[in-house]
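> no letters, just coordinates:
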């Protein structure tokens, strides 16, 4: 407290009041916390994307216990299946006994024999729908179903004394019951249903059987002990109420010459029952075309094994039955499927190929079990180990050991891919699994992968389909390619226009006009891209389609008219030239529509000369016309640049020397002639190049130009170029304007013309600013969504063809993310795509920003 | 590197204009003459061409949108075309074009027509003219539009009593009024008389219809809301106390009480609606289509009927304005392809306002921190570059973030905590107004931060120092001196952010904008603001109309009008920002002392 009197003679308190202090402290706290929090929140976008996408590449995990039920020991087990909740398993043994076990204590819940009257001799069991086909020693066949059936019961259905607390599953009517809700129980038991036997075609026992259930018919392929192969088509009609169901069986013999003695090791029908495979132990495989069951023809005969000593020990079809997984005695496991390469010489145009080598060595493979929902196969080996393999990526997901080193008799993947069971002489082992995202690896995301049915390894993005046995194809490469394609074409159009415009505005225009133009163009930068996309797709695309030739020709005629305008302008007498100078831009404005008109006018001529009369037909039909026109189209800009460069380098200095004493008119005329010569030279050069390539037999069609699609890269490039022009223009103009005025004055004062000042002083100085402008335009083009979504057709294909559509990362996100199931592989892959997009633009923008900062600092120092 | 370029003297090989004296001395005349080459006129023209192209494209685009947008609602004459084959069509010409027919199409024509076609082709350089006639009457013809080749036109007339009927369903109807019926009795059987009768009764019918809609939407909606609340309370009680508990029984009794009450109430409302419906069914306008089919249209289903060929300029203007009014103030009909876009305008505005409410405080906080509190250093400039760069990150990435983080994670938690009774149906766990505004706020945050920082930096140091010298604390200085002077800059940032936010569509597709949202996010039902609802947005409306509409040809003009409106909003916002910026500059200049 100080006692200085004031004017008002009141004592004044000079200490800071506590409210001010408190306010200051609070504000400080709030701003620091809020500020850092906000910045962190914005920056956490990237971290979140990474957090979601990262589990894509996590490796599968074994969770839960390894339970060994010693009571269940049966080396004769031929089939094993788990229920959905992994509470029990049923097994089929060689003698036809079906047994159901509890998995927690190994208790035998249920037992039944399938071959009561006649011994069971062959079996075909599927893991997805539970349908079965059984073959018997008397030659008869039976179809049916064995599956876990679930019922929901209420409290009153369960005997009270047994109910307990409901936490431990309760043995109930040969199955298990578990309390699931308030008063609800879920009872699961094995439901076995067998149809009447199909009469034997011969008395020989059935040795092998396989079946496929189609919507109308069930197809059964059987091999009897006498070596006869038969294909049966069984149609089961739903009878009208009250009548017994009627079944029609058509039996067709399959005739062939056996390549090796003995019975086949396996018979397998494809998923559509259009192919039938017979495999022998020594590796011989016969593939039959069974599209018409009454006329099964041999399509292909090949050897599955490279190693002559090896023997096939297990064959299993994958989900969808298009791929065969073959395990042999050397421990190798291969996946084979039919591919359709161009020019295949088999009767159905299919070549059976070994697409994936899943394992190359190890203990002999004893059994294979495929997943009911994905392309994963489990392999049991003779040393008691079990492997889990992803077929498409040929990736070994897990290797697990059973308790013993006895051979594994049967393996099974749980219905939801979340568990695995193996049975052998030592008992039953089960594992709880979290496979995470087995189909996603760096290889499947970025490298060419050979998918089922494709001619060879390739990049494909196809994330969903209508069928259950569909395999998602998640290569990001087509999307990245689409992004780059869109970016490339839009920069090709946008960058020159924007930079040229900025140079003209800042160097050759009065400050007042410039001041008027700039807000107009900046306003354009704020135009919603959905508007541009709509214009591109609904207005521009039909126009370009209709006037395609004129549009392409205009790309040449507009610069041509501009240049001719300039050369004619030069012919004006000096006084008029100077007097008209302020209206020069008006004439330039006029030249653009003139160039377009010229384009429209000569387009039919060009089409007649080079494209056999119609450009679009020429593009569609590769036999039409010659290849010269297409190459001309591509070479003309190149030739023009080369000619201009040569002219500038070789002719201009000489001309400059010679023209020192010429009159202005003479100079202008010579220039005009030079332009004419240059034009002719450019055209000639392009034509020569085109002629050369087309004589060599190369055609641009099929690569850079091809079939015309209405929504294509040309339209997108044009409109997206238009979208980035304002952005690039504004930044470039700022950069050019921020070159210090004294540099400009010095150059002009030393006698340089404005053009010389611009090219030799201003542009080099502002170069880094211009570069950052282009980079920022690039960043915008990479991430632009609505324009490409609306105007690019959204087909994820890998084609350089400018007249074709594509799909970008951003459009893909907009199309697919709303439908993606949360935390699925698809969902996470899309987040990875978003992350890629984020990273691309962030890097590009950072470079631009860093360059711009440096430029600013330097421009300031100058 | 351009530093070399900078250091470089003008190219020595270039002698023309720079003309260094020590080299070959030349006469003055000679040097002056050679300047034509040095002017680089062709190159200047090329650069000028770039600018001209950019300007022409921008003006062309704006012109296209303005012309198409403004002309959409102007009533067009109704054409009746009789073809050579004897068919008669009545409709509005929506497009005229020339096309190249393929040879098979001509081969399919009758011989004499093919001859005419070949002659026309010969005459017009291989193209034929045709017009797209909007023929409407979808329930009779199963199509809205029809191409008519010029060569097939036998007679083209403008029937004086041709009527364009815009109605609630099935799109437009074109026909001639032949009678007017009340209770099945013909009270008028000529065109003028029917038209007069229509004019007499239409307004009342529409009023009845509006009342019916009001009852249906508001009253029934209120009852449904009450029922739903009671049902939810019951479910909540079941979750809290279990089924069959004392509490549950009580709640169930209350719910049953509500059900009884509402049943009576809705019975009464239903009766009233039925009465209005019956009343409205009484009056029907009978129209004859061009090919003579009679069709009865209930008066209430007619939004607007226009005798298009009799309109005076004033009448046309009235139709034009009335269509604009409907467009701006009414909801959409017919899968958005007819009617108005009021919900979309409303949704855009509400979303943008909510976004600016979120973005401004946080943006200003972050800018204040970076400019006033944080210590300058490499870390800060790194953060600044990162924030700047985020402005360039594609908007769809923010949409992905919004969907994954806001909708699924935050929204999922909110649902679990506050709306367990509604599960598994998500309340906040899916896209909605709140998440959309927050996502856009995140997207526009860099814009606000950068603008605010610039505004803060523009406040002269001397003013701060003066404030400190007077004994003000830091916060007092910021609050009383810095922020008021930075306010125009902050507002500029906010408006720019709003302009950007209003035009963004891509992220909204993921976080809550819908093609058709039946309920507005703000309405008269408690709690009045419903941040969990999805909403309509003008940008998405453009996308949906142009690309997902079943009748996209009819929707196209509407797209232009919507575009015009959206651009107008954004242009106005941008101009406000420009104006504020100039204000800021002026103020900044004044404050120099």
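Arrived safely. Everything numeric here is computed off the predicted structure, so don't read it as measured data.
> residues in contact with stretch B:408-427: which ones?
For stretch B:408-427, the surrounding residues in contact (Cβ atoms under 8 Å, 6 or more residues apart in numbering or on different chains) are A:822, B:232-233, B:235-236, B:239, B:428-430, B:432, B:435, B:532. Backbone N, C-alpha and C define where each C-beta goes, glycine included.
> residue A:143 belongs to a strand?
Yes - counting by DSSP: H, G, I helix; E, B strand; the rest coil, residue A:143 falls inside a strand.
> can you tell me how far it sits from chain B?
Residue A:143 sits at a distance of 39 Å from chain B (criterion: Cβ to the nearest Cβ, to the nearest Å).
> what is the one helix or strand residue B:46 maps to packed up against?
Under the criterion of DSSP states H and E, residue B:46 resides in helix B:41-71. On a contact count with 3 or more Cβ pairs under 8 Å, 6 or more residues apart in numbering or on different chains; DSSP states H and E, helix B:41-71 meets helix A:477-507, helix A:511-525, helix A:548-570, helix A:584-610, helix A:713-737, helix A:754-757, helix B:552-590.
> and those as JSON lines, adding distance to residue A:435?
As requested, the helices and strands packed on helix B:41-71 are exported to JSON lines (distance: least, Cβ to Cβ, whole Å):
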{"stretch": "helix A:477-507", "distance to residue A:435": "24"}
{"stretch": "helix A:511-525", "distance to residue A:435": "48"}
{"stretch": "helix A:548-570", "distance to residue A:435": "50"}
{"stretch": "helix A:584-610", "distance to residue A:435": "57"}
{"stretch": "helix A:713-737", "distance to residue A:435": "39"}
{"stretch": "helix A:754-757", "distance to residue A:435": "67"}
{"stretch": "helix B:552-590", "distance to residue A:435": "44"}
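> please name whichever of those is nearest to residue A:149.
helix A:477-507 (43.6 Å; Cβ to Cβ).
> quick check: buried residues in that closest one?
A:477-491, A:493-507 (16 or more other Cβ atoms under 10 Å in any protein chain shown).
> list the buried residues in the helix holding residue B:46.
Quick answer for helix B:41-71 (16+ other Cβ under 10 Å): B:41-55, B:57-58, B:61-62, B:65, B:68-69.
> same check on stretch A:227-240?
Quick answer for stretch A:227-240 (16+ other Cβ under 10 Å): A:228-234, A:236.
> ok, now stretch B:396-409?
Quick answer for stretch B:396-409 (16+ other Cβ under 10 Å): B:396-408.
> do stretch B:226-241 as well
B:227, B:230, B:233-238.
> check stretch A:815-831 too.
Buried positions in stretch A:815-831, judged by neighbour count with 16+ other Cβ under 10 Å: A:815-817, A:820, A:825-831.
> what's it in contact with?
A:49, A:52-53, A:55-56, A:437, A:439-440, A:445, A:463-464, A:472, A:474, A:476, A:789, A:794, A:807, A:812-813, B:399-400, B:403-404, B:408, B:509-510.
> keep only those of those that are in strands.
residue A:474 (DSSP state E).
> write out the residues of the stretch 301-450 of chain B neighbouring chain A.
Within the stretch 301-450 of chain B, the positions lying close to chain A (Cβ under 8 Å from any Cβ of the partner chain) are B:361-363, B:365-370, B:372-374, B:383, B:385-390, B:392-401, B:403-405, B:408, B:442, B:445-446, B:449.
> show me which of the buried residues of helix A:477-507 neighbour chain B.
Answer for these near chain B (Cβ under 8 Å from any Cβ): A:496-501, A:503-505, A:507.
> closest one of the residues you listed to residue A:722?
Checking those one by one against residue A:722 (Cβ to Cβ), the nearest turns out to be residue A:497, at 8.6 Å.
> the helices in the stretch 151-300 of chain A, which residues?
A:160-163 (DSSP state H, counting those that start in this stretch).
> what are the ranges of the strands in it?
Secondary structure of the stretch 151-300 of chain A (DSSP state E, counting those that start in this stretch): strands at A:170-172, A:175-179, A:184-194, A:206-213, A:217-224, A:229-237, A:246-254, A:266-269, A:275-279, A:284-289, A:297-303.
> CSV for those strands, including mean pLDDT and distance to residue B:88?
Listed next are the strands of the stretch 151-300 of chain A as CSV, based on pLDDT from 0 to 100; distance: least, Cβ to Cβ, whole Å:
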stretch, mean pLDDT, distance to residue B:88
strand A:170-172, 79, 76
strand A:175-179, 81, 73
strand A:184-194, 85, 66
strand A:206-213, 90, 57
strand A:217-224, 90, 54
strand A:229-237, 85, 52
strand A:246-254, 85, 57
strand A:266-269, 91, 61
strand A:275-279, 91, 59
strand A:284-289, 90, 58
strand A:297-303, 88, 60
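> for chain B, which of those is the nearest?
Set against chain B and scored by Cβ to the nearest Cβ, these come closest in strand A:184-194, at 11.7 Å.
> which residues touch that closest one?
A:83-85, A:87-88, A:90, A:98, A:100, A:110, A:112, A:114, A:134, A:142-155, A:157-158, A:166, A:172-180.
> for PyMOL, write the select line for the buried members of those.
To isolate the buried members of the contacts of strand A:184-194 in PyMOL, using 16+ other Cβ under 10 Å:
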select buried, chain A and resi 83+85+87+88+90+98+100+110+114+134+142+143+145+146+147+148+153+158+166+172+175+176+177+178+179
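> got the phi and psi for residue A:424?
Main-chain dihedrals, residue A:424, degrees, to the nearest 10: phi -150, psi -170.
> swap that for residue A:293, sorry
phi -60, psi -30.
> that one: what's it in contact with?
A:219, A:231, A:233, A:250, A:252, A:273.
> what sits closest to residue A:355 if chain neighbours are left out?
residue A:450 (4.6 Å; Cβ to Cβ, 6 or more residues apart in numbering or on different chains).
> number of residues surrounding the one you found?
Neighbourhood size, residue A:450 [other Cβ atoms under 10 Å in any protein chain shown]: 19.
> my guess is it contacts residue A:457. True?
Yes - using Cβ atoms under 8 Å, residue A:450 is in contact with residue A:457, at 4.3 Å.
> alright, calling it a day.
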